[in-house]
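what's the 3D shape of this:
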Amino acid sequence: MVKPSVNSAGLDKSFGVNADYLIINALVVTMDDSFRIIENGAIAVNDGEIIELGHTSDLMEIFKARHLIDAKGKLALPGLINTHTHSPMTIFRGYADDLHLREWLFDHIFPVEAEFVNPENVRTGTRLAIAEMLLGGTTTFNDMYFYADEMARVVDQVGIRAILTESLIDFAVPNNPSPEHAMRTSEKLLAKWAGHPLVTIGISAHAPYTTSAGVIKKGKDLADKHRVPFNIHVAETRGEVEFTRKEFGMSPVEYLDSIGALGSNVIAAHCVHLNADDIKIFSRRGVGVAHNPQCNMKLASGVAPVPAFLKAGVKVGIGTDGVASNNDLDLFDEIRSAAFVHKLSNDDPTVLNARAALEMATIGGARVLGMDHLIGSIEIGKRADIIIVDMDQPHAHPVYNIYSLIVYSMRGSDVETVLVDGRLMVFKRKLVTLDLGRLYQKVDQLAKRITEASKTLAQVNNRIKKL
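Presented below is the predicted three-dimensional model:
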């Protein structure tokens, strides 16, 4: 009698194993601890989980798949992870460009949000963002905005992985008249969406210059209580650093540490102006950084000391920020920008290599979000967040170093197929769960209304100035 062969996942290989999907003939870039690359590789997926990984010839003998995806001439990668964005702000793409951050935020973005951020528009903006992210290979995003419940409904309907947070801020916002109300809203959402396979409700405070110490601390305490992520913008501009030094006699990082607002569940966005002492605090507290290179360049905020973060053992992921300040959600482009800007700012072409840049957008981002046990790499037992990238492109040949090719040459538009939690979201560059034509029509109609309202506001402001 032949003894059944059992692999590391406990699969009996003797009589054939069922799988929902079997991806074959791929160049698999796993991003696991060994950075294993499998030529002519195969990935078996069942019930949303990666159940086997190996060579195509081996897995074809074992598995009976409902769906066979031939990835010959293509790359299979873990889905990309956007560690910081404001997805509903797609409706404001290009609305107020080429401005300083404070003017952009207080004179343009906050006023237009007050008028146009409502449940319907948040749903529309979130759908547009998810469409863009999925088509570009992003399978997980971490968001800070308003009407998180509406965003969660869209995430559930369309199918993508997300951390969603209501922004705690010291003044009234479209869906919360006070930070205390926003806190209560967050508690309700934590209960409502608990256990959802794709939606994680977290907590966020906007920033030290817009949110009081008491509110920040209560938000962090709530996040700790429920063991969920806590988002906050930190040291994005020199102005913020000057503000906290003037008000509290400390850097933003020292200030947040002094009020007990730092910890391993904290996702600190931007972190441009941190000194050596700040970095030591982040390392000691286990804080994760969401690096947003393109937004920081566009707003002339500066360049975050990412090489120093990595050297100190600080977790670093890559984010796009919202498209009102970027202006897209293409993580391939963001990865390339991250690799380039640090070479330039450090006057050293070796300071952040291609593999390290890709790591920040995959398993590094998963560590920042506290999800590295689930996503970020292609490994047996992890959730099947997988993208297939077409190499049948002039810019994908020749191949000397696969990480260099991915980071310096490939584009979001090269993504052909996307699985999220083992569910097909993009196939042959087409979205499976969204009608783009209908969505574009709705977005364009909304943009016309925003444009007309902006003209009226400008006329009113001009009259006031003349008085």
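
Nearest to the spatial middle of this structure, which residue is it?
N82 (1.5 Å; CA atoms, centre = their mean).

for I387, helix, strand, or coil?
What DSSP: H, G, I helix; E, B strand; the rest coil gives for I387 is strand.

Skipping its backbone neighbours, what lies nearest T139 in space?
G79 (2.7 Å; CB to CB, 6 or more residues apart in numbering). C-beta here means a position set from N, CA and C on the backbone, and glycine is covered the same way.

what's the pLDDT at the one you found?
For G79, the model assigns a pLDDT of 98.

need the contact list for it.
Going by CB atoms under 8 Å, 6 or more residues apart in numbering, G79 touches 137-140, 161, 362, 375, 385-387, 418-420.

between those, which is closest to D347?
The closest of the contacts of G79 to D347 turns out to be T362 (CB to CB; 27.4 Å).

where's the closest one relative to R449, distance?
39 Å (CB to CB, to the nearest Å).

Which one's more surrounded, the two?
T362 (28 against 12; other CB atoms under 10 Å).

phi, psi of that one?
phi -120, psi -100 (degrees, to the nearest 10).

Test my guess that it contacts S377.
Yes - the criterion here is CB atoms under 8 Å, and T362 meets it with S377 at 6.6 Å.

how about the nearest residue to the residue nearest to the centre of the chain, chain neighbours excluded?
In space, N82 is closest to F141, 4.1 Å off (CB to CB, 6+ apart).

what about the one you found, how many residues close to it?
27.

Okay, and the beta partners of it?
N82, A162 (DSSP bridges).

Numbering from 550 from now on, please.
Sure thing, new numbering starts at 550, so read that last one as F690.

so how far is L880 from it?
The value you get for F690 to L880, if CB to CB is used, is 9 Å.

Just give me the neighbour total for F720.
Neighbours around F720, by other CB under 10 Å: 12.

residues contacting the residue nearest to L571 when sequence neighbours are not counted?
Spatially, and ignoring its direct neighbours in sequence, L571 is nearest to A614 (3.5 Å; CB to CB, 6+ apart). Listed by CB under 8 Å, 6+ apart, the contact set of A614 reads 567-571, 593.

As PDB, could you dump the C-alpha coordinates of stretch 651-665?
Output of stretch 651-665 as PDB, limited to C-alpha atoms (Å, rounded to 0.1, in the frame of the first residue of the first chain):
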ATOM      1  CA  ARG A 651      -1.900  74.900   4.900                       C
ATOM      2  CA  GLU A 652      -3.500  77.000   2.100                       C
ATOM      3  CA  TRP A 653      -4.500  73.900   0.200                       C
ATOM      4  CA  LEU A 654      -6.100  72.300   3.300                       C
ATOM      5  CA  PHE A 655      -7.700  75.200   5.100                       C
ATOM      6  CA  ASP A 656      -8.600  77.500   2.200                       C
ATOM      7  CA  HIS A 657      -9.700  74.900  -0.400                       C
ATOM      8  CA  ILE A 658     -10.100  71.300   0.800                       C
ATOM      9  CA  PHE A 659     -11.900  71.800   4.100                       C
ATOM     10  CA  PRO A 660     -14.500  74.300   2.600                       C
ATOM     11  CA  VAL A 661     -15.300  72.100  -0.400                       C
ATOM     12  CA  GLU A 662     -15.500  69.000   1.900                       C
ATOM     13  CA  ALA A 663     -18.000  70.900   4.100                       C
ATOM     14  CA  GLU A 664     -20.300  71.300   1.200                       C
ATOM     15  CA  PHE A 665     -19.900  68.100  -0.800                       C
END
